[in-house]
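Participant: Everything below, folded, please.
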Amino acid sequence: MYCKSKRLKPVVAAFLLIGLVSPAAVAQEATVDELFEQLKSADPSEAARIEREIWSEWSRSGSAAMDLLLKRGRDAMEVGDTQAALDHFSALIDHSPDFAEAYNARAMVFYGEGDYGQAMADIRDALRLNPRHFGALSGLALILQELGREEQALEVWRMVAELNPSREGLDEAIETLERAVEGVAL
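Facilitator: Reported below is the predicted structural model:
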């Protein structure tokens, strides 16, 4: 079988050829690719909508049971029940270790608890699975800033800007770090 689509990455195409990737996963990736293209040139109000659509796609594991665990974990976060959130997200990771959003969600709980080491470990896994995850990158940038690693934080914020140029608060974060790292021109 010859794959004419230039959108499919070679690895995904190979998995598709041997039947290990579902057509739904390929369709989801194509949808996310299209949304990222739209995001590059969107005005701020349109960008917010597109960003929500990307988050919606990223929140679909392909399993109703796993999606329910994600929802329960997010609901627990919302009411401040961090232990329940950690339990749900950890169970989700155990059952679906290739689901990037599970790691990102758990990283947010660890970040909120001030456990930057665990948060960074989960961010690393989220980015290994989804290198365009601007939410995970934003979390990494925030942690780096809080650790006083401004130069690295600036580099990560610039990566976020390439992916999602209209992300709320992005320009201010970059400007602040540019002044701290590069100084003020006289």
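Participant: Next, Ser96: phi, psi?
Facilitator: When read as degrees, to the nearest 10, the backbone of Ser96 gives phi -140, psi 70.
Participant: mind listing what the spatially most central residue of the chain touches?
Facilitator: Central residue of the chain (Cα atoms, centre = their mean): His133, 2.7 Å from the mean position. The neighbours of His133, taking Cβ atoms under 8 Å, 6 or more residues apart in numbering as the test, are 58, 100, 104, 126-127. No exception for glycine: its C-beta is placed from N, CA and C like everyone else's.
Participant: can you rerun that using 6 Å?
Facilitator: Contacts here follow Cβ atoms under 6 Å, 6 or more residues apart in numbering; on that basis His133 touches 100, 126-127.
Participant: who wins for neighbours among these?
Facilitator: Ala126 (26 neighbours; other Cβ atoms under 10 Å).
Participant: so what's that one up against?
Facilitator: Ala126 neighbours (Cβ under 6 Å, 6+ apart): 100, 103-104, 133, 136.
Participant: What is the neighbour count of Asp115?
Facilitator: By other Cβ under 10 Å, neighbour count at Asp115 equals 15.
Participant: and the end-to-end length of stretch 52-66?
Facilitator: 20 Å (Cα to Cα, to the nearest Å).
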